[in-house]
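Visitor: Need coordinates for the below:
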Amino acid sequence: MSVLEIKQLKFSVGIREILNIENLNIENGQRIGLVGKNGCGKSLFLSILNHKIEAEISLFKIFGMYSLLPQFKPSSFQLSGGEITQKYLIDILSQSPKLLMLDEPTNNLDQKHIIWLQKQLKRYDGGMIIVSHNRYFLDELCDMIWELDNGKIQQYPGNYSDYLEQKKIEKRTHNKAYEDYKKNKKHLELAILNKRQQANKVSKFPKNKSFSEINAKGAKPHYGKVQKSLFHSMKALDSRLDQLEVVEKPVEDRKITIDVPFVKKYINKPIIKIEKLIGRVGDKVLWEPTTFIVRLGDKIGVIGDNGSGKTTLVKRIIANKDESIYVSSYTKIGYFDQNLEILNEKKTILENVNEGTVQSEVQVRIILDHFGFKKEDLVKRVKILSGGEKVKVALAKLLVGDFNTLILDEPTNHLDVYTIEALEDLLINYCGTVILISHDQRLLEKTVSKVIAIDNKKITIFDGDINAFNRSHQENSKNSFSTKKLLIDMEITKILSQLSMNFSEELEEKYNYLLKLKKELDNI
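Guide: Numbers count the residues shown, from 1 in each chain. Predicted coordinates for the structure are as follows:
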């Protein structure tokens, strides 16, 4: 049963066409992931579906109630971002909509709230459209990906990883088609050149024969016929060349290397030492005394719930004012946060990124191109850019700057999946230190080889990637869980023994509480 049908949807601003979508259909229970570059029209498309913006549509039907979980929600002093999203979603689901639309639902959520959100959405049985830059989230939930590009939607069955595989196949097919096109074009051009050379030779009479001798033997008509035949063949080949379908040259994948100051001399040397550092804001303790070392070249993921002290930790390191913190003299820290203070809004993209760079302008332009900026974009002033574009400029400036240690605090907010993958590629090939605060599981999987986890006022240093950390954490949690159940069972046995000897309401109340707790643990 369909929950959404669309035919001939068009939206333009002036003469510029933004959307031109032929036919779309969503069945009940189908989960669509909508992906596309920043500014391609994803949020616009959701606004049209929610009747907030009018568009030219031949057929538009939503069968039943629909709801939108917006990207930007009213803030609250009492509630965190995750708690606000929880409240919104619970209110929406209580209305039992047939179609649920979600615009960047994981923005500003920690891992705990992302997992909660995934569980709630997996239980929902209606149709769903999810706009998200979180690839792991799209993998967990979606059974179809819609790619919005140049105003049109291309449909790919499966989750986001399946979509990537299909894009790889498309790329290989495109590469082969281009190679075949080049081969055929060259073959035809050589054949035409060969025919032209033959025709030119035929037009010249033999040097050892006089004009009267050629006329006497009747050879002149013969040469004319041969030349005419060659020109006819040449014209046919020209026609085939004109009719040859042009295949555009594929964009080449370029491995980008960035020269990082002091790396060759000090690689693997300690650059940051933390000795019994306590995390405290006012009277609130964020973490107990912690000790660890960061070496040049380390790729470290910093994880923990919102409010656990991740940003406080990196800001303390950057400030370097505590006796418990040592930062070496050859450590050059570049810091990214959501305020984007490293940008000068009055200057152009290129001027901003060139400011303080230690790379050549060619390298700077290559990295900006990697982030999706075209040559004509580079002269745009930063103040007119979108939020996502400003983030890209700030990241590019850090990557080419005079730094060997990058501290990135939630760099993927406001970025599309393609830019995140570009950033991922650059961080993998970056030979300096990276300290990455992120809730993007896929980005952490691809880029970090060590983990700093803040949980329950304790900092754990794990020498291994995020997947190894998660396995270890789950095993520890499982052991802790089993121990907790065992202790409850022992306490229940003890209380039953006491009740059999001497009944009291207090003991019975405690017994009922423990039974309830045991039941909750059994249901987890």
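Visitor: okay but residue 64 is in contact with residue 99, surely?
Guide: Yes. Using Cβ atoms under 8 Å, residue 64 is in contact with residue 99, at 7.0 Å. Every C-beta, even on glycine, is put in place using the N, C-alpha and C of the backbone.
Visitor: mind checking how far the residue nearest to the spatial centre of the chain is from residue 244?
Guide: Computing the C-alpha centroid of the chain and ranking residues by Cα atoms, centre = their mean puts residue 417 first, at 2.6 Å. Distance, residue 417 to residue 244, by Cβ to Cβ, to the nearest Å: 35 Å.
Visitor: So residue 397 belongs to a helix, correct?
Guide: Yes. Residue 397 forms part of a helix when assessed by DSSP: H, G, I helix; E, B strand; the rest coil.
Visitor: What segments of the stretch 251-400 of the chain are helices?
Guide: Along the stretch 251-400 of the chain, counting by DSSP state H, counting those that start in this stretch, helices occupy 263-266, 310-319, 349-354, 361-370, 387-400.
Visitor: Among the ones you listed, show me which one is buried the most.
Guide: Counting by mean count of other Cβ atoms under 10 Å, helix 387-400 has the highest mean neighbour count of the helices of the stretch 251-400 of the chain, with a mean of 23.
Visitor: so that one versus helix 361-370, what angle?
Guide: Calculated by axes from the mean of the first three to the mean of the last three Cα atoms, to 10 degrees, helix 387-400 forms an angle of 150 degrees with helix 361-370.
Visitor: Okay, now the sheet partners of the very next helix or strand once past helix 387-400, with direction.
Guide: Downstream of helix 387-400, the next assigned helix or strand under DSSP states H and E is strand 405-409. Using DSSP bridges, strand 405-409 pairs in its sheet with strand 333-336 (parallel), strand 433-437 (parallel).
Visitor: Need the winner for burial among these.
Guide: Across the strands paired with strand 405-409, averaging neighbours per residue (mean count of other Cβ under 10 Å) puts strand 433-437 on top, at a mean of 23.
Visitor: tell me the mean pLDDT for it?
Guide: What strand 433-437 shows for mean pLDDT is 97.
Visitor: The helix or strand just after that strand packs against which elements?
Guide: Using DSSP H and E, the next helix or strand after strand 433-437 towards the C-terminus is helix 441-447. If you count contacts as 3 or more Cβ pairs under 8 Å, 6 or more residues apart in numbering; DSSP states H and E, helix 441-447 packs onto helix 135-141, strand 299-304, helix 417-429, strand 433-437, helix 466-501.
Visitor: mind exporting the third one as PDB, just the C-alpha atoms?
Guide: Meaning helix 417-429. C-alpha atoms of helix 417-429 as PDB (Å, rounded to 0.1, in the frame of the first residue of the first chain):
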ATOM      1  CA  VAL A 417      28.000  12.600   3.200                       C
ATOM      2  CA  TYR A 418      30.200  13.300   0.200                       C
ATOM      3  CA  THR A 419      32.200  16.000   2.100                       C
ATOM      4  CA  ILE A 420      32.500  13.800   5.100                       C
ATOM      5  CA  GLU A 421      34.000  11.100   2.900                       C
ATOM      6  CA  ALA A 422      36.400  13.700   1.400                       C
ATOM      7  CA  LEU A 423      37.400  14.700   5.000                       C
ATOM      8  CA  GLU A 424      37.800  11.100   5.900                       C
ATOM      9  CA  ASP A 425      40.100  10.500   3.000                       C
ATOM     10  CA  LEU A 426      42.200  13.600   3.900                       C
ATOM     11  CA  LEU A 427      42.500  12.500   7.600                       C
ATOM     12  CA  ILE A 428      43.500   9.000   6.700                       C
ATOM     13  CA  ASN A 429      46.400  10.400   4.600                       C
END
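Visitor: Any buried residues in it, and which?
Guide: 417, 419-427 (16 or more other Cβ atoms under 10 Å).
Visitor: can you give me the offset of that helix from its chain's centre?
Guide: Centre-to-centre, helix 417-429 and its host chain are 8 Å apart (Cα atoms, centre = their mean, to the nearest Å).
Visitor: Need the overlap of contacts for residue 64 and residue 99.
Guide: residue 3 (Cβ atoms under 8 Å, 6 or more residues apart in numbering).
Visitor: more neighbours, the two?
Guide: Applying other Cβ atoms under 10 Å to residue 64 and residue 99 shows that residue 99 carries more neighbours, namely 21 against 14.
Visitor: Can you tell me who the more buried one pairs with across the strands?
Guide: Under the criterion used (DSSP bridges), residue 99 bridges to residue 66, residue 127.
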